[in-house]
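Trainee: My questions are about this predicted structure, shown below with the sequence.
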Amino acid sequence: MERKKTYIEDIDRGIYDIKNDFTYRYKTDKGLTEDIIMEISREKNEPEWMRDFRLKSLEIYNNKPIPTWGADLSGLDIDNIITYIRPDTDMKHSWDDVPEDIKITFELLGIPQAERESLAGVGAQYDSEVVYHNIKQELIDQGIIYTDMETALKEYEDVVKEYFMKLIPPNDHKFAALHGAVWSGGSFVYVPEGVQVDIPLQSYFRLNAPGAGQFEHTLIIVEKGAKLHFIEGCSAPMYRVNNLHAGCVELFVKENATLRYSTIENWSKNMYNLNTKRAVVDKNGTIEWISGSFGSKVSMLYPMSILRGEGARSEFTGITFAAEGQHLDTGTKVVHAAPHTTSTVNSKSISKDGGYAFYRGLLRVAENAYGCKSTVSCESLMLDNISKSDTLPIIELNNDNIDIGHEAKIGRISDEAIFYLMSRGISEEEAKAMIVRGFVEPITKELPLEYAVELNNLINIELEGTIG
Amino acid sequence: MEKYLLNINDLKVTIEDKEILKGLNLQIKEGETHVIMGPNGSGKSTLAYTLMGHPSYEITQGGIQFDGEIINEMKADERARKGIFLSFQYPEEIPGITVEEFLRTSKTSITGEMQKIIPFRRLLKTKMEHLGMDESYASRYLNLGFSGGEKKKNEILQMSILEPKLAILDETDSGLDVDAIKIVAESVMKIKDEKCSILVITHYNKLLEYLEPDYVHILMDGKIVKTGGVELVNQIDEIGYENIKAEFSNI
């Protein structure tokens, strides 16, 4: 039987690919110089310490080499990236006040609707600045703060100063330093002691401008016994020039607190996604990561949990989908720094059409961290013979009073399974999609319903036109 | 000219350049039950897979006509939509997809009509009761962690929901205990009453005690060497395939 393959050069990613005209109120020149940093700081009307922090970060950035141990970053040319673009609007608290084209973009992405139906608060960033932020009054009444980082820096300067880039210092790596120098936008969340937020908050980051960078900073503090679910979404339309995303996420989970951090990342395939995410968890606290990586040309993303309080817990659930031209180097890092801490890692990756999915993980158990428990499971599914998958789980154990389980599986989609489903009248395309959906099901069921639907839609978009 | 539901004519099939079926002929009319018996390696499963349209099996000569149409080039899903069903000897396990979700998708695809959740669930429940399957299987992942017998029952469940015109049962009785065989046979009899034709591939005779086949064929070395009634089954039991082969080569 002759088998034909349909090649579609650019998959129509639908709503994600809608471009608005590139309009802005202010933008910097391309590249990175002290003058540009000063300009950004001036434009933002920042306190002096922040300006100095930026300049110091730039210095570190200039002195750090580009990391070469992971994905190929040679196509990334910082000198041609615009680091700061202020959209032609201020931050609004009502969608009606947001400029029409920007509002329509977010409407197509379903953000205002999700806000009405299932969220307690929403932040929406467009290029370098947050254009919309809103939170339900009852949350404000409970003392919860949810706003953009710029407002936080003005209104809660002491808090920001205490926490900002303490978990991810600029000298951590080159792109953390870059972030320190040019960060803009992002969200600040503060949940006071004992306050439990049952409905999620969501920030959505949209990069519309070509050849630009997005460097949002997310800082979340969940006080003792408090609880929060935070959702982060990101996307961008496709351009021929490369874009860069180097955000930072710093999460502080205090004693007995719980934070769930969910991400659906769907950057366009011209994006270098070099994001850094880190959580530090105190006694009996819990961090739960749900991480979906679909887009970007190159991703290097390893959310890290530092379990520093006795009995702290982390759970990482991740799905990575690498298609043609994508190298997604993702994973997670867990540091057991206190006794009786537990961690669970459940990672799945899919690669197709020559895509490359690399799982890179670190599990480190400190000398004093006795009685710890950890389970790591990573599974990879390759949909054809030209795609690649690797796993590199690094385990460093500094005491032997621990309970570790580890499992890794790499496999190809089974022709027999496809045939079995087809023999029941299901088309080859749908059969493949079903198998992939089944593979990611343990992750889908962790997501809020509308994100589970989005994840399934993304899988369908990715599988369209790829059936051999 | 008589009208056949399935008409296989001088069929030659190779897999990885090895010829397995070497000029096979078989005609099945609507509502008939045929049995194919044969020793291991004679091509029984190859025939089943070829009829269902497995891409690894290449037809090098002859043709398969089903319901008036040559289906040689049709993919498995098209054949299923035309009314062919294969009960697999070793059904695949599909994690993450429930039996119910899978069967509803399948039924929608085969009938071309959207299957509404509530009526479908009712249908599924009834059919599962007939097969003595616990309701909880509907929400379990397809064949995952099922015992051999449970997998076979699940195949028959699919058959009775999809209501094919031709059901091919590839070693469905293996792995089933006596009680389960009786239950499975009852489900097969039910669709037989609906004018479904049955092709049973087996090397046991357990299922045949219930099914009352119209014809029994003996397949050896890629060809049907003998056709008869149920009495052939007993003959095989008595003298074995080797002697039948000898008898055949003497002719």
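Mentor: Good, I have the coordinates.
Trainee: and A:Leu178, what is it in contact with?
Mentor: Residues near A:Leu178 by CB atoms under 8 Å, 6 or more residues apart in numbering or on different chains: A:Leu32, A:Ser57, A:Tyr61, A:Ile78, A:Phe215, A:Ala246. (Each C-beta comes from the backbone N, C-alpha and C, glycine too.)
Trainee: same thing with A:Asp96?
Mentor: No contacts exist for A:Asp96 under CB under 8 Å, 6+ apart.
Trainee: Can you spell out which helices and strands pack onto the helix or strand of chain B with the lowest mean pLDDT?
Mentor: Least confident helix or strand of chain B, by mean pLDDT, DSSP states H and E, is helix B:231-250 with a mean of 77. If contacts are counted by 3 or more CB pairs under 8 Å, 6 or more residues apart in numbering or on different chains; DSSP states H and E, helix B:231-250 sits against strand B:33-37, strand B:215-220, strand B:223-228.
Trainee: now do 7 Å
Mentor: For helix B:231-250, the packing partners by 3 or more CB pairs under 7 Å, 6 or more residues apart in numbering or on different chains; DSSP states H and E come out as strand B:215-220, strand B:223-228.
Trainee: Mean pLDDT and mean neighbour count for those - can I get that in CSV?
Mentor: Putting these into CSV (pLDDT from 0 to 100; neighbours: other CB atoms under 10 Å in any protein chain shown) gives the following:
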stretch, mean pLDDT, mean neighbour count
strand B:215-220, 94, 22
strand B:223-228, 93, 17
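Trainee: Format the ones you listed as a markdown table; extra columns: distance to B:Lys127.
Mentor: Shown next, in a markdown table, are those (distance: least, CB to CB, whole Å):
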| stretch | distance to B:Lys127 |
| --- | --- |
| strand B:215-220 | 28 |
| strand B:223-228 | 33 |
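Trainee: right, and these - which one's nearest chain A?
Mentor: strand B:215-220 (21.2 Å; CB to the nearest CB).
Trainee: And the contacts of the closest one?
Mentor: Contact with strand B:215-220 is made by B:26, B:34-39, B:42-44, B:224-230, B:232-233, B:244-245, B:248, as judged by CB atoms under 7 Å, 6 or more residues apart in numbering or on different chains.
Trainee: Which members of these are classed as buried?
Mentor: Burial by neighbour count, judged by 16 or more other CB atoms under 10 Å in any protein chain shown, picks out B:26, B:34-39, B:42-44, B:224-226, B:230, B:232-233, B:244-245 from the contacts of strand B:215-220.
Trainee: Identify the residue spatially nearest to residue 24, adjacent ones excluded.
Mentor: In the absence of a named chain, this looks at chain A. In this structure, A:Tyr24 finds its nearest non-sequential neighbour in A:Ile85, 4.9 Å apart by CB to CB, 6 or more residues apart in numbering or on different chains.
Trainee: I was thinking of chain B, sorry if that wasn't clear
Mentor: Nearest to B:Leu24 is B:Leu11, by CB to CB, 6+ apart, at 4.5 Å.
Trainee: Which helix or strand lies directly C-terminal to the particular helix or strand that has A:Ser305 in it?
Mentor: Secondary structure assignment for A:Ser305, by DSSP states H and E: strand A:304-307. Downstream of strand A:304-307, the next assigned helix or strand under DSSP H and E is strand A:313-322.
Trainee: what lines up beside that next one in the sheet?
Mentor: Partner strands for strand A:313-322, per DSSP bridges, with pairing direction: strand A:286-293 (parallel), strand A:342-351 (parallel).
Trainee: Could you dump those into CSV with mean neighbour count and mean pLDDT added?
Mentor: Below are the strands paired with strand A:313-322 laid out as CSV (neighbours: other CB atoms under 10 Å in any protein chain shown; pLDDT from 0 to 100):
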stretch, mean neighbour count, mean pLDDT
strand A:286-293, 24, 94
strand A:342-351, 24, 95
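Trainee: Turn those strands into CSV, columns for distance to A:Lys254.
Mentor: What follows is the strands paired with strand A:313-322, written out as CSV (distance: least, CB to CB, whole Å):
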stretch, distance to A:Lys254
strand A:286-293, 11
strand A:342-351, 18
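Trainee: And those: which comes nearest A:Leu455?
Mentor: Among the strands paired with strand A:313-322, strand A:286-293 comes nearest to A:Leu455, with 6.0 Å by CB to CB.
Trainee: Alpha carbons of that closest one, as CSV, please.
Mentor: Output in CSV follows, covering the C-alpha atoms of strand A:286-293 (Å, rounded to 0.1, in the frame of the first residue of the first chain):
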residue,chain,number,x,y,z
THR,A,286,3.6,22.4,49.1
ILE,A,287,4.5,23.6,45.6
GLU,A,288,2.8,22.0,42.7
TRP,A,289,4.0,22.7,39.2
ILE,A,290,1.9,22.0,36.1
SER,A,291,3.9,22.8,33.1
GLY,A,292,2.9,22.5,29.4
SER,A,293,5.6,23.5,26.8
